[in-house]
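Novice: Predicted coordinates and the sequence they were generated for:
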Amino acid sequence: MNEPIADNRLREITRRHFFGQCGVGLGAIALNALLARDGVAGPQRPQIDPTRPMAPRKPPQPARAKRVIYLFMAGGPSQLDLFEDKPRLREFHGQKPPESLMKGKRFAFLKGNETLLGSQRTFGRHGQCGMVISELLPHHRKIADEVCWLRGMATDVFNHGPAKLFMNTGFQAPGRPSFGSWVTYGLGSESENLPGFVVLQSGPRGPRAGSVLWSSGFLPTSYQGVPFRGKGDPILNLRSPEGLSRERERDFYDTVSALNRARLDETGDPEILTRVNSYEMAFRMQTSAPELMDLQQESAATLAMYGVKPGEPGFAANALLARRMIERGVRFVQLYHTDWDHHGDKANNLSEAIEARCREVDQASAALVLDLKQRGLLEDTLVVWGGEFGRTPLGEVRETVGRDHQIDAFTMWVAGGGFKAGYVHGETDELGFGVVEGRTHVHDLHATLLQQLGFDHERLTYRFQGRAFRLTDIHGKVVKEVIA
Amino acid sequence: MRRLKLCVSLLLFALLAGGAWRSPRPVGAVQDVQFNRDIRPLLSDRCFFCHGPDEKNRKGGLRLDTFEGATRDRGGYRAIAPGKPDESAALQRILSHDANAVMPPPRTKKPPFSPAEVELLRRWIAQGAKYEGHWAFQPLATAAPPAVKNAAWARNEIDRFVLARLEREGVAPSPQADPRTLIRRLSLDLTGLLPQPDEVEAFVEAFTRDGGRGQETAWAALVERLLASPHYGERWGRHWLDHARYADSNGYTIDGERVMWPYRDWVIRAFNDDLPFDRFTIEQLAGDLLPQPTRSQLVATGFHRNTFINEEGGVDREQARVEQVMDRVNTTGAVWLGLTVGCAQCHSHKFDPISHKEYYQLYAFFNSTADVNNTGPTVTVRRGELLGTAERDEAPARGELRQEDWERAEMARLAASPTVKAPAGRIDWQPLDLVSYDTEANGTLKMLPDRSLLITSPASPNDSYRVLGRFTVPRVAAVRLRVLPHESLPKNGPGLAANGNFVLSEFICETEGTAPRFADAFADHEQSGYPARAAIDGDRRTGWAINVSREEAADAAGPRMNAPHEAVFVFGQPREFASRNLQLTLRHEANAGYAVGRFLIEVAAETPRNERAAALLAALRTPSAERTPEARVRVAAAFATARAVREMTAGNAVAAMIMRDIATPRETYVFTRGDFTRPDKTVGLLPPAVPAAIAPTLPAAKTDRTRLDLAKWLVDPANPLTPRVTMNRVWMRYFGRGIVETEEDFGTQGAPPTHPELLDWLAGEFIRRNWSLKAMHRLIVTSATYRQTSAARKDLLDLDPRNLLLARQERVRVEAEIVRDAALSASGLLDARIGGPGVRPPQPEGVYAFTQVKKNWRPAEGGDRFRRALYTVFYRSAPYPLFTTFDSPDFQTVCTRRPRSNTPLQSLTLANDPAFLEIAQGFAARLVREAPGDFAAALDGRLRRAFLLAYGRPPSASEAATLRGFVDRQLRAFGAEPAGAETLAGRELPKAGLSKPEAAALVAAARVLFNTDNFITRE
């Protein structure tokens, strides 16, 4: 009874074992494959080898993009001081807003006595597309014709934590998988040496809501985001105990593996094989992760292009790391840069604070797009830039001047991955309260991004607690106008 | 393409093999179509979304989930015509080739019916289209355990159910596991700890005595011993804490710490006492509504106080409250009913008979609770009280503080204080030049012309202020905090409490990456029991406050509360800080809403003298009989304050969060699409009520139903869901999978039970045995089914690869907490004390790189460093990394089943986490202790011992050779190249006479065993 069972035989059993675990019968899975071949609709559930849950998978539909870099501007940048020139807002500066515009609106902090706030910034039109960009983002001028500008973004929630969850998971309460988890669940990862979904962070503090932003929710934890730190060891516990050489560690890993294989022979449990593979990848990550973090390998020109200062962690270094990660096969990289919450406190204002934030991200954001382009990576990489919401046309006067959270109209941009380059989508009213044309809801953005990655957002589902869940919940429409 | 081919062949394989094992059915019984087994899953998947219970979205007025709806005359035709498949419009539409007519419509993206499925439908209609109610809502079946051929194998009723099924399939059960596997399995399952070698050997001896005739007695004795262990309550209590979404913090962004551990103590005690599950339910859901509830019953209601509190600025309190109430409804539904009632939050349930309105009737039970996004009602309990150990544990600490002892200690303290030693003289206080200031919860601090800071929009009731400033003095001897009145504050302040008071729980100084501690503190005025020193004692429960006593108020020259005051914080010696920067944090965690309102911070290069302390010292030095009346008053006041502070801390009284209802119930309406701003008053005011589809209903004609009625309904013996759901989850813990695999969904979309009769028998038995969980554990673990080996069997690979038939046991990787507990118990380092506040074991650096608010995590020393993992403080925004890595949920919502992943991050954690290395060192030290002798001579014995400790069994010859070879190579390598030997060896082992390479090699061996699959798997 204890004859060893061949590895590939075990693999097959495990695969089937897993199919069952999804609550989907084997027949159903195979049926889906048949249906997919025949072009008939059915859920798009990836077929996952449980011994290698991150193995790369082909998307079910033709795809324009293979990977994602998401630059998350945490706190909600003011589109009215960066991307939206509103002469009428300046004209009515200091006046009460029209009653009709305020009806039914809810804000986080506004008390009702606020007045309209015209931007102090000067704006210019840039590129063939004539996108409006303020003086705060001089480097963005260079990518005016490289990215697709979404000026009609809208979301549902106005508090930071819930709004960030909404932007990441399509739902405002914690518990659902994040975008990056859905993508790695669907596509796996090209990297055998690094996690498939990596999170980087810069700015003075962590993003609100924390780890739920990159949680895999009810998806298997293999798909949760792995936070990399920008300095030192990127992953907790990556480093072997001090002083243990690579050879010594190889011996350790081999011994663990030998004992695990002995147990596999004894019990025939394929789960042990998965563990053997996990240890092998852990061992590889010990060298691949530090190699990844070593920015000395980059040329001086590249470092200068991003504005990376040697040894200094921050957004610029993270942007460059993001490029290095996707070069190494990482599927989804998300960068958080915090403190865009410019209400008008001493430290959070539309003067020094927003200038500082812009200086921190402007150059590297543009450099990332241009660098990917020159390396031929932009065409199948999606680069997303934006916050969880925008900011109000109304001023909020605390100690300095700022703006409150605005959910009805704000700006984001997407580059690469089949999005139109140098295209401005969406327009807001003359005061910037709402979208008059080309409204793109968060669910619509998710639907469109998923389509570019080769998925129908209505069919990429996961069954949990009796329901087939999806990133877009029961909403979302692909925005055809932005696709090249 | 290759993958596609594979799938196609898999499909063929599946069809040939008689379909997936998803819903095992008797072979050869395909003639008889059963609605629940064969038809409902098909209709539920493809049809009920549009033709189901949700009346709002029903298409064409057609309902297919009831016989009446499906067979209703629709003007000359019927969707389902019983007995007449060819006249059934539904079947015609399913078979239609017209894209506009075919069902399900292609735009729904639901898969079409396969020919085999159509055939099933046809046969079902031909046989009369009989409907059955959904199995889970039916009363418990009372089938007697079936007869079996191999009656000798069956040890109790459970086995007869399992074996009958196996015999039908022609499969033999697996043999009993060997006694070593059995004791390790049972110890992990019942207590979460590894058995100790002497326990293993004693059990093996008893089990094998007289050629195995002692087996049953030995097993029964072991079961009883482990069920009686206090660690049983920790193990099964931890499972329950998942249901309760237990955590030690408030959640969301700020994620401040909260006092929830008394509830954890209550849970542990309840399991250890085997509190009947009906009482257990009632006390947690409605303990506050019982007549004259005990403190324990009140603490039990902490179950539903595990909801979030959003401390972020600008939060809509009503919205937050509504979300918390909804979470209580959804959690109750998931835990007791196994239903996804949350689906009905926005619309009627698409698949299960819970209407939109019924959801809000459930909501009404919880809608009148008193907490509103805050700490809310609490009850004061003492440490150990809930475990019944208060007397014993607290005996030394709880004795009255004796005045002589205090006087002696206070004299020594004062004599050493820099504020008493300092000479009198004017101090040149320099205001800090402010660089930045903010609050943790995003409140607003405003700088006034005099450079003082005023809080203008407090964001959270326990907000902290952070001030970073530069100073010009050459060194810093003291920091002065001046609190100042302002017209915008209640009663002019200087605090935010309604009377102008505040409680400053901690005043923390940080600079240059360190937190220099203050040696002493004093104030111009201190409320009795709230001295300035309490703001530097590291205890959040105590602090500095400024209320005045009646006597002080009556004294025309006495202190006033609503006036400027100042506290001075003094370093042991003047400090020089090259950066000339200080960051000061004002924490207000003792009391909600008691923050400072306006303040100014200054520094001085000279140590100020505390005249009152000097006077107190002089008074204390005078024998009590000789003291002046003034000195006597001074001593008495200081002693009273010392006693009060001690009461707050050493007295171990904490405020446990509990449920209470407000006097006048809130009105409940349906929220349109779940949006709390859109109550639908057309449906009318909703009284609390339970879903009608689940028998039984609540007592009729009672209008003022409460949570108590709901709780009683849940455990009414006529309610089939609670016992089924509960027993299914107990089963899941023992076999890795429930009898209903989708243990969280007993609705129509869930998986059907693999052994329905067994589930119902267990559920019935649970009630018959007075809801005793221990009785049910005893039944399950004494069954032959439980005691089988878990090894894979070639004959089952094709027949039952997922082990649904239970022809063997299952290997299950232990939960995150047990990974740590197993290592601790194997190493002998475990501090086995039960209950109490959370502890902070060492964790890797950098855990808070990604949270908005950094947490205080000073690793514990002594016993608290090695407590069981369930006592580790759990911050929702930044859980202890080991937990997340091994699939512990983050307790944002209820969790009834954890996933079991297997990732490289787990490998890195076990291999490199310094906490595990420390435990491995303890493990190696234990080997040396228990197998003494010369290193070379004792080595094989020690390694053998290591296997016994880790696996409860000796190594096989090849395992022994593998580990021995490793140790020999490590020993040589460490001898030749000592780098690393130091790290692995640690400090203790070399003291025991081992050379560094020897110690390192032994620790390396321990590290290997901790990293094997066997170690973290219950086999």
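Specialist: Right, received. Where do you want to start?
Novice: pLDDT on stretch B:820-833, on average?
Specialist: For stretch B:820-833, mean pLDDT rounds to 97.
Novice: End to end on it, go ahead and measure it.
Specialist: Start and end residues of stretch B:820-833 are separated by 16 Å (Cα to Cα, to the nearest Å).
Novice: okay, which residue is most central for the chain?
Specialist: Assuming you mean chain A. Relative to the mean C-alpha position of chain A, the nearest C-alpha, by Cα atoms, centre = their mean, is the one of A:Tyr70, at 3.7 Å.
Novice: not what I meant, chain B
Specialist: Chain B, centroid-nearest residue using Cα atoms, centre = their mean: B:Tyr246 at 3.4 Å.
Novice: ok, B:Pro531 to chain A distance?
Specialist: Distance, B:Pro531 to chain A, by Cβ to the nearest Cβ, to the nearest Å: 33 Å. The way it works is simple: take the backbone N, C-alpha and C, and place the C-beta from them, glycine included.
Novice: hmm, back to that, list the contacts of the nearest residue in space to the residue nearest to the centre of chain B that is not next to it in sequence.
Specialist: Excluding the flanking residues, the one nearest B:Tyr246 by Cβ to Cβ, 6 or more residues apart in numbering or on different chains is B:Asn306, at 5.5 Å. By Cβ atoms under 8 Å, 6 or more residues apart in numbering or on different chains, the contact set of B:Asn306 is B:Ala244, B:Arg245, B:Tyr246, B:Ala247, B:Met260, B:Tyr263, B:Phe891.
Novice: ok, now B:Ser464?
Specialist: B:Thr439, B:Glu440, B:Ala441, B:Thr585, B:Leu586, B:Arg587, B:His588, B:Glu589.
Novice: So is the one helix or strand the fifth one maps to next to chain A?
Specialist: The secondary structure element spanning B:Leu586 is strand B:581-587 (assigned by DSSP states H and E). No. Using Cβ under 8 Å from any Cβ of the partner chain, no contact is recorded between strand B:581-587 and chain A, whose separation bottoms out at 12.8 Å.
Novice: Return the list of strands paired to that strand, each annotated with direction.
Specialist: Each strand paired with strand B:581-587, and its direction, by DSSP bridges: strand B:465-470 (antiparallel), strand B:506-510 (antiparallel).
Novice: Return it as CSV; C-alpha atoms alone will do.
Specialist: Taking Å, rounded to 0.1, in the frame of the first residue of the first chain, the C-alpha atoms of strand B:581-587 are listed here in CSV:
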residue,chain,number,x,y,z
ASN,B,581,14.2,68.0,17.4
LEU,B,582,11.6,66.5,19.7
GLN,B,583,8.4,64.8,18.9
LEU,B,584,5.9,64.8,21.7
THR,B,585,2.7,62.7,21.7
LEU,B,586,-0.3,63.4,23.8
ARG,B,587,-2.4,60.3,24.2
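Novice: Show me what the next helix or strand along the chain from it is packed up against.
Specialist: For strand B:581-587, the succeeding helix or strand toward the C-terminus, using DSSP H and E, is strand B:598-604. If contacts are counted by 3 or more Cβ pairs under 8 Å, 6 or more residues apart in numbering or on different chains; DSSP states H and E, strand B:598-604 sits against strand B:430-431, strand B:453-457, strand B:465-470, strand B:476-483, strand B:581-587.
Novice: Pull out the buried positions in the helix or strand just after strand B:598-604.
Specialist: Downstream of strand B:598-604, the first helix or strand assigned by DSSP H and E is helix B:611-621. Within helix B:611-621, the residues scored as buried using 16 or more other Cβ atoms under 10 Å in any protein chain shown are B:Arg612, B:Ala613, B:Ala614, B:Leu616, B:Leu617, B:Ala619, B:Leu620.
Novice: mind listing the strands for the stretch 251-400 of chain B?
Specialist: For the stretch 251-400 of chain B, the strands defined by DSSP state E, counting those that start in this stretch occupy B:378-382.
Novice: For it, list the residues in contact with chain A, please.
Specialist: Residues of the stretch 251-400 of chain B lying close to chain A (Cβ under 8 Å from any Cβ) are B:252-253, B:255, B:310, B:312-316, B:323, B:334, B:340, B:343, B:350-352.
Novice: So which of these wins on neighbours?
Specialist: B:Asp352 (31 neighbours; other Cβ atoms under 10 Å in any protein chain shown).
Novice: can you count the residues close to the residue nearest to that residue when sequence neighbours are not counted?
Specialist: For B:Asp352, ignoring the flanking residues on the chain, the nearest one in space by Cβ to Cβ, 6+ apart is B:Gly747 at 3.9 Å. When neighbours are defined as other Cβ under 10 Å, B:Gly747 has 26 of them.
Novice: Likewise for B:Arg466?
Specialist: Summarising burial for B:Arg466: neighbours were counted as other Cβ under 10 Å, giving 17.
Novice: okay, it: pLDDT?
Specialist: 89.
Novice: By neighbours, which of the contacts of B:Ser464 wins?
Specialist: In the contacts of B:Ser464, the most neighbours by other Cβ under 10 Å go to B:His588, 26 neighbours.
Novice: so what's the closest residue to it other than its chain neighbours up against?
Specialist: Leaving aside its sequence neighbours, B:His588 sits nearest to B:Ala595 (Cβ to Cβ, 6+ apart; 4.2 Å). Residues near B:Ala595 by Cβ under 8 Å, 6+ apart: B:Ile455, B:Pro458, B:Pro461, B:Asn462, B:Asp463, B:Tyr465, B:Gly495, B:Leu496, B:Phe502, B:Leu586, B:His588.
Novice: and the gap between B:Ala595 and B:Leu432?
Specialist: 19 Å (Cβ to Cβ, to the nearest Å).
Novice: isn't A:Leu445 right next to A:Phe410, touching?
Specialist: No. Proximity of A:Leu445 to A:Phe410 does not meet the contact threshold set by Cβ atoms under 8 Å, at 11.6 Å.
Novice: what do those two both touch?
Specialist: In contact with both A:Leu445 and A:Phe410: A:Met153, using Cβ under 8 Å, 6+ apart.
Novice: For A:Arg64, which residues are in contact?
Specialist: A:Glu379, A:Asp380, A:Gly417, A:Gly418, A:Gln452, A:Ile483.
Novice: what do you get for B:Gln284?
Specialist: So, once contact is read as Cβ under 8 Å, 6+ apart, B:Gln284 ends up touching B:Ala244, B:Ala300, B:Thr301, B:Gly302, B:Phe303, B:His304, B:Ala711.
Novice: One more: B:Ala534?
Specialist: Per Cβ under 8 Å, 6+ apart, neighbours of B:Ala534: B:Ser505, B:Thr542, B:Gly543, B:Trp544, B:Val645.
Novice: Number of residues surrounding the second one?
Specialist: Here the neighbour count serves as a burial measure; for B:Thr542 (other Cβ under 10 Å) it reads 24.
Novice: Now do the phi/psi pair for the nearest residue to it once chain neighbours are set aside.
Specialist: Distances taken as Cβ to Cβ, 6+ apart place B:Ala534 nearest to B:Thr542, at 3.8 Å, with adjacent residues excluded. Dihedral pair for B:Ala534: phi -70, psi -10, per degrees, to the nearest 10.
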